[in-house]
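K.L.:
Predicted model and sequence follow; I will ask about them next.
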Amino acid sequence: MAETTPAYTTSLASAHETVTVLQQTPQLIALFTMIRDINTQRGDFIFYSNRIIRLLVEEGLNHLPVQAVDVSTPTDMTYSGVKFEGKICGVSIMRAGESMEQGLRDCCRSVRIGKILIQRDEETAEAKLFYSKLPEDIKERYVLLLDPMLATGGSAIMAVEVLLERGVPEDHILFLNLIATPEGLNTFAAKYPKLKVVTGFIDVGLNEQKFVAPGLGDFGDRYYCL
Ligand code: PRP
């Protein structure tokens, strides 16, 4: 019989001020239940993952700066609201991070998207950088970094290094992630204390193969191949 794990773990969330965990509503837990289930087929995996991604993007946008603006309404009154300040772009960590691009596009029309290809070595689980292509003016933008899984943290750390080398300030990067491990999050947040993370859930930890446990398996395989 499979080992059971607590329904959700939030203990680490409060340990890092920069980490936001999505509110664990029954709806979100139902979505995670679908994508974690080994019996869920690819069509459903894509559909329910996309719904979680949309929630992550919506929450992520709450962490971008806004400025006050007044508008006139059709009743000839003034509404004091806000508008986003500054330009944004998305950067996906290929391959699995590309699955999050459409969710970002659905909320931010014609958003620019850069790509960083990083793959974990299947034997050692060490991240290796293969390729990056980013908007020319990326250092003037807020960057939404996209990767569904944070295991050891190696891939996300490598991606942030690429962004920092291109001149993006650390506090202009927002990492959107479906499931993180406490180990990966601790390493990541300690290295980048000014970088905000929005995650869907913090799992129990890493297993012997350095996969997220209980996790959902290989996100990229389940979204694109299986
Ligand atoms: C997976 C996942 C993350 C990374 C997380 O990608 O999508 O990018 O591993 O692990 P880490 O935190 O230990 O670095 P993988 O390298 O398997 O490639 P994929 O996106 O092609 O599936």
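P.N.:
Good, I have the coordinates. Residues are numbered from 1 along each chain as shown.
K.L.:
quick one: contacts for Leu22?
P.N.:
Residues near Leu22 by CB atoms under 8 Å, 6 or more residues apart in numbering: Leu28, Leu55, Leu56, Glu59, Val198, Thr199, Gly200, Phe201. All C-beta atoms are positioned from the backbone trio N, CA, C, and that covers glycine.
K.L.:
Tell me how many other residues crowd the second one.
P.N.:
This means Leu55. 19 (other CB atoms under 10 Å).
K.L.:
for the first one, same thing?
P.N.:
Counted with other CB under 10 Å, the neighbours of Leu28 add up to 17.
K.L.:
helix or strand for it, which one?
P.N.:
helix 26-36 (DSSP states H and E).
K.L.:
now swap in the last one and tell me
P.N.:
Of the helices and strands defined by DSSP H and E, Phe201 is found in strand 196-202.
K.L.:
Give me the residues contacting the helix or strand that that strand is followed by.
P.N.:
Per DSSP H and E, the first helix or strand lying C-terminal to strand 196-202 is strand 205-206. Strand 205-206 is contacted from outside by Ala151, Thr152, Thr181, Pro182, Glu183, Gly184, Val212, Ala213, using CB under 8 Å, 6+ apart.
K.L.:
for the residue lying closest to the first one once chain neighbours are set aside, which residues make a bridge with it?
P.N.:
The shortest distance from Ala151 to any residue that is not its chain neighbour, by CB to CB, 6 or more residues apart in numbering, is 5.1 Å, and that residue is Val212. Beta bridges link Val212 to Leu206, judged by DSSP bridges.
K.L.:
Check Gln67 too.
P.N.:
Beta-bridge partners, per DSSP bridges, of Gln67: Lys83.
K.L.:
Now do the contacts for the residue of the chain found nearest the ligand.
P.N.:
Going by CB to the nearest ligand atom, the ligand is nearest to Gly220 of the chain, at 2.6 Å. Gly220 sits next to Arg95, Ala96, Ser99 when contact means CB under 8 Å, 6+ apart.
K.L.:
Then Leu104?
P.N.:
Leu104 sits in contact with Val57, Gly90, Val111, Ile113, Leu144, Leu146, where contact means CB under 8 Å, 6+ apart.
K.L.:
does it sit in a helix or strand, and which one?
P.N.:
Counting by DSSP H and E, Leu104 is found in helix 101-107.
K.L.:
So what's the gap between the next helix-or-strand element following that helix and the chain middle?
P.N.:
Where DSSP H and E defines the elements, the next helix or strand beyond helix 101-107 is strand 113-120. Centroid separation for strand 113-120 versus its chain: 13 Å, with CA atoms, centre = their mean, to the nearest Å.
K.L.:
Quickly check: strand 113-120 near the ligand or not.
P.N.:
Yes. Strand 113-120 lies within reach of the ligand by CB under 6 Å from any ligand atom, at Gln119, Arg120.
K.L.:
Heading C-terminal from that strand, find the next helix or strand.
P.N.:
Heading C-terminal from strand 113-120 (DSSP H and E), you reach strand 127-133.
K.L.:
what lines up beside the helix or strand that comes right after that following strand in the sheet?
P.N.:
Where DSSP H and E defines the elements, the next helix or strand beyond strand 127-133 is strand 141-146. Looking at strand 141-146 with DSSP bridges, its partner strands are strand 87-94 (parallel), strand 173-180 (parallel).
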